[in-house]
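Student: Let's see this in three dimensions:
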Amino acid sequence: MCPRHFVLASVNRYIMTMPDAAGLLDREFLEIRARLLQVAAAFDRIGRAPGSVDRDPRLEKLQRALAVLQSSDPNRAEQIQLIFSRPYDAGWPEDFGLGAIVRTAGQNGSGANGSPARKNPPPK
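Tutor: Residues are numbered from 1 along each chain as shown. The predicted structure is shown next:
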C-alpha cells in the first residue's frame, strides 16, 4: 500500500472509531498540560520583565482568548481564531498591490489561481 493510501485508510479508520471524551482526554492530557505550562511560563517572563504592557492590545487579546478557553462553549477554537483575525476588508487586493490581477481574473469568471471566483465576500 502506498503511503498516501495508508494515510487515507488511517483517517477513515479514525473517523469510524472516534474515541469518547475520556479517551480523548487520556490521549491529549499531557500535550495540553505542556502547552498550558508554556503559556504560563511566557506570561511569567512578561510579568517579570522591566516595563509595562498593560495597555498593549496584544495582551488584551491574549486575556480574551484565555477567558474563552475557560468557557464551556463548544466553538472555542473558532472564537479564539476570530479574536486574532482581522475583519474582512473588501479592498485587500489593492492593499497588497493585487487589484488589477483580481479584477482581471474576476472578469473571466475565475479567481487569481484559476479557481472559480467568489461572487460575494465572506460574512463578517
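
Student: Against residue 44, how distant is residue 61?
Tutor: Using Cβ to Cβ, to the nearest Å, we find residue 61 at a distance of 19 Å from residue 44. For the C-beta atoms, the positions are set from N, CA and C on the backbone; glycine is no exception.

Student: Of those two, which one has the most company?
Tutor: Taking other Cβ atoms under 10 Å, residue 61 and residue 44 do not tie; residue 61 has more neighbours (13 against 10).

Student: Could I get the average pLDDT for stretch 100-115?
Tutor: Stretch 100-115 carries an average pLDDT of 61.

Student: Oh, that last question was meant for stretch 23-30, not what I typed.
Tutor: 96.

Student: Can you pull up the most central residue in this structure?
Tutor: With distances taken as Cα atoms, centre = their mean, the residue of the chain nearest its centroid is residue 81 (4.6 Å).

Student: Could you point out the helix or strand that follows the strand or helix carrying it?
Tutor: For residue 81, the host element (DSSP states H and E) is helix 76-84. Moving toward the C-terminus from helix 76-84, the next helix or strand (DSSP H and E) is helix 92-95.

Student: which other residues reach that next one?
Tutor: 89, 99, 101-103 (Cβ atoms under 8 Å, 6 or more residues apart in numbering).

Student: Can you lay out those residues as a markdown table showing secondary structure, neighbour count and distance to residue 74?
Tutor: Formatted as a markdown table, those follow (DSSP: H, G, I helix; E, B strand; the rest coil; neighbours: other Cβ atoms under 10 Å; distance: Cβ to Cβ, whole Å):
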| residue | secondary structure | neighbour count | distance to residue 74 |
| --- | --- | --- | --- |
| 89 | coil | 10 | 29 |
| 99 | helix | 13 | 39 |
| 101 | helix | 13 | 39 |
| 102 | helix | 16 | 36 |
| 103 | helix | 11 | 40 |
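
Student: Just put those residues in a markdown table and tack on distance to residue 68.
Tutor: A markdown table is the format used below for those (distance: Cβ to Cβ, whole Å):
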| residue | distance to residue 68 |
| --- | --- |
| 89 | 24 |
| 99 | 35 |
| 101 | 37 |
| 102 | 33 |
| 103 | 38 |
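
Student: Alright, I will stop here.
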